[in-house]
Each structure stands twice: as C-alpha cells, then as structure tokens.
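[1] My questions concern the predicted model and sequence given below.
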Amino acid sequence: MPPLDEPSWETLMRAANRGDQRSYARLLGAVTPVVRGIVRARGGVLGPEACEDVVQEVLLTIHLKRQSWREDAPLRPWLYAVTRHKVVDAFRARGHRVEIPVEDVAEILPAPQGEDPFEARDMARVIGRLEPRAAEIVRAIGIEGESAAEAGARLGMSEGAVRVALHRAFKSLARLRERMIE
Amino acid sequence: MKTDALIAALAADTTPRVAPGARLARVLPVAFVVSGLMLVAFWHVRPDLAQALTSAPVYKTLVPMVLALAALWLARGMARPEARVGAEAALVGVLGLGMLAALVYGLSTNSLSEIGALLDTRDFENCLVSVPVLAALPLGGALWALKAGAPRNPALAGAAAGLLAGGLGAAVYSLHCPHDPLMYFLPAYGGAMLIVVALGALIGGRVLRW
C-alpha cells in the first residue's frame, strides 16, 4: 500500500493516459522494483544482468500494452498479468522454463529500492538496430535526458515529429527484440 | 542502457493509444456495412427478402448475429490480460451447445437421405466459401483491434475474433441464401462459421502474440 499522500498507481496511470509525462515516469519508477523483484525471484540463476534485460523487456511491454488496462479497473492485477506473461516468455526465449502461479506474483516483495547499477545490454543492442535517427532520439531522451523539444531542435525536427518517431521506435524495438532473441 | 534511462525515454512517449474495445467499436460497424454492400453487389439479396425477414427464416440471420455478439463480448474480455472471462466463455459455450442440440434433434427427425438431398446443391459449397469471404473484413478488423490488447492466449482470442467475424459473415450471407430448413442451416452455416473460427485461431495465434 502506498502512503496516503502518494497518488495511487491508478491515478498516475490515468494521468499518464492524458499525456502527463511526470506521472508516467513516476509510475514506471514505482513499478520497476516490483517487476525486478518478480524477475529476480524467478530467474535469479541467470544473473542480475540478464534479469535486468528481462525487467526492461517487461517495462517496454507495459508501455506498449498500457491501453489494454481499463481505467476503472485496479492497475495491479493488470500489471501482474502483463509481467507474468512477459517474464515467462522472456525466459522461454532464453531457454529457461519458469512458471509463475498467479497467486505468487502478488506476494513477491519488490527488489530493494535504489539499486540500478546494471547496464542491461540487450536493449542497447536492439536500439543499435533501429534506423540511426530513431536510435538517436531514444538515446537523446533516455540517456541524455533531453526533452522531445530539445531533441527536435538539435535534429531539425518538430517536437511532434520527435514524439511520433519515438513512439514508432518503441514499436520497432519490441519487434526487433523478438527477432534477435529467438 | 540503464533502466532509468529506458524509463525516461518511455515516459516521453505519451502518444494517446486507443483501447482494444474502442477499436472494435470503430472498425466492426464499418466492416459489417462493407460486407453487406459486397453481398448486395456480388451475391444479390434473395428475391423474397422482406418476407423471409418477417417470418421463421429470419432465424438464419438472428442466430449468427447472437453468436457474433456473444463472441464480441468474449473477445473484448480476452483483450485484457488480467480478465476472467468465465461468464463470457460460458455464454458462447451455451450457444454452441444449443447449436449442437439442434443438430442432434435434426439428425433424429430427418433421415440421412433427406439431409443429403437438402445439401445436394451447389449453394452448399457456395455457402462454405462465401461466408468466410464475407467474414474476411470483420476478421481482419477484429484481429487488428485485438492487437491493441494483451490476450493471455492469442490463439483463443483469435478464435473468438473468428466466431465474431464468422457470425457477422453468416448473418450477411443469410440475406442472399434461399435455403431455409434447419438441416441445411446447421451444416452449411455452422460449417462455414467453424472455418472462420479455425482461421481466426490460426492467424490470431501468430499475430496476437506479445
């Protein structure tokens, strides 16, 4: 349970659906340790780096499938369902069979906060396969922390065009990932 | 790439996305109307349509429509990864059992040679081909809509889309088809809808993976 002064995950996600980037970043930040906890509890044998690859894959999936959450439903069951599906799928693609009973997911403790020392390699590799401009935009906004407007100004694109390119880049990332890992 | 960097990039992409249910509501009416227009243009409606639609033969339109609506409900539920679709699946199951019971009744009250005579027409094969053709657009639309979703079982979600599309296709085709006996309807329409269900499962198993 979040403390009372914290907005619920549902509130954050609804705000995100209306274009509120800060709420969305906050939600993803809050969700990540939970996802990491689930991934490590199931796939710890793969090592922290491979686990972080799976965490990032789950985050990308949450992002691309977020419209399948119904705004009047609680977010956690949706989130666990997406995480379970993707974790099983990701480990299968890496040659490991994991099973996650539904009731298990809700009980796994989040991984301790404040540790993200891992440079997950898969995502960087897949981003490298994007067309150069799309890769540049993803890196500029993610790693350099530029806004869409700043990235646009540097690349000679409108802010809107940057957003469209970013959105397409994530869809391509999901497709490329699937191909590269299988 | 560090996870924090990925989160920052993801959070910058707030492109509004359309929910699978809303996509279904958008695409299905259009697909249904276009299939209807295709029927009028290339198959022609039966000459006694007005009379057929106001008497018993209207069941050939209504039963597939009811199946399609139940399948729509099921497909919409399956698009949500966390949803339990027990009630939706039960409704589709009950309707399927109803069709099966009607088939058993038909087999017990008609001799095989009578049924054979009913089906001994080019229209029977025509039906098995025409319904899937008329269902193609609704099937494509339904699968496209479900692609925005996250079905736990892609093949089953595809089958639900197939029943939805097959029902719509059969309802449209019924406006053309002049054969009204139950033991024509069940093998021809039932068979045709099953073909679309199988196609939906086959395609859905591939395109709805996530």
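    Looks like it arrived, so ask away. Numbering: from 1, shown residues only, chains lettered A, B, ... in the order given.

[2] Helix or strand next in line after the helix or strand hosting residue B:166, which one?
    Per DSSP states H and E, residue B:166 falls inside helix B:154-173. Downstream of helix B:154-173, the first helix or strand assigned by DSSP H and E is helix B:182-185.

[3] Grab the longest helix from chain B for me.
    helix B:122-147 (DSSP state H).

[4] confidence score at the most centrally placed residue in chain A?
    In chain A, the centroid-proximal residue (CA atoms, centre = their mean) is residue A:59; its distance is 1.5 Å. Residue A:59 carries a pLDDT score of 94 in this model.

[5] Quick check: mean pLDDT of the helix or strand residue A:153 falls within?
    Per DSSP H and E, residue A:153 falls inside helix A:148-155. Average pLDDT, helix A:148-155: 90.

[6] could you say what helices and strands that helix packs with?
    Counting by 3 or more CB pairs under 8 Å, 6 or more residues apart in numbering or on different chains; DSSP states H and E, the packing neighbours recorded for helix A:148-155 are helix A:132-142, helix A:159-181. For the C-beta atoms, the positions are set from N, CA and C on the backbone; glycine is no exception.

[7] List, one by one, the residues from chain B near chain A.
    Residues of chain B lying close to chain A (CB under 8 Å from any CB of the partner chain) are B:1-21, B:79-82, B:148-150, B:152, B:210.

[8] Select only the buried ones of the residues you listed in PyMOL?
    Only the buried members of the residues of chain B next to chain A end up in this PyMOL selection, burial being decided by 16 or more other CB atoms under 10 Å in any protein chain shown:
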select buried, chain B and resi 1+2+3+4+5+6+7+8+9+10+11+12+13+14+17+19+20+21+79+80+81+82+148+149+150+152+210
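
[9] From the residues of chain B next to chain A, which land in helices?
    Those of the residues of chain B next to chain A lying in helices (DSSP H): B:3, B:4, B:5, B:6, B:7, B:8, B:9, B:10, B:11, B:12, B:20, B:21.

[10] Need the pLDDT of the third one.
    Read that as residue B:5. Residue B:5 is given a pLDDT of 89.

[11] OK, contacts around it?
    Residue B:5 is in contact with A:142, A:143, counting by CB atoms under 8 Å, 6 or more residues apart in numbering or on different chains.

[12] What distance do you get for it to residue A:90?
    19 Å (CB to CB, to the nearest Å).

[13] got the contact list for the residue in chain A positioned nearest to chain B?
    Residue nearest to chain B within chain A: residue A:142 (3.2 Å; CB to the nearest CB). By CB under 8 Å, 6+ apart, the contact list for residue A:142 reads B:1, B:5, B:6, B:7, B:8, B:9.
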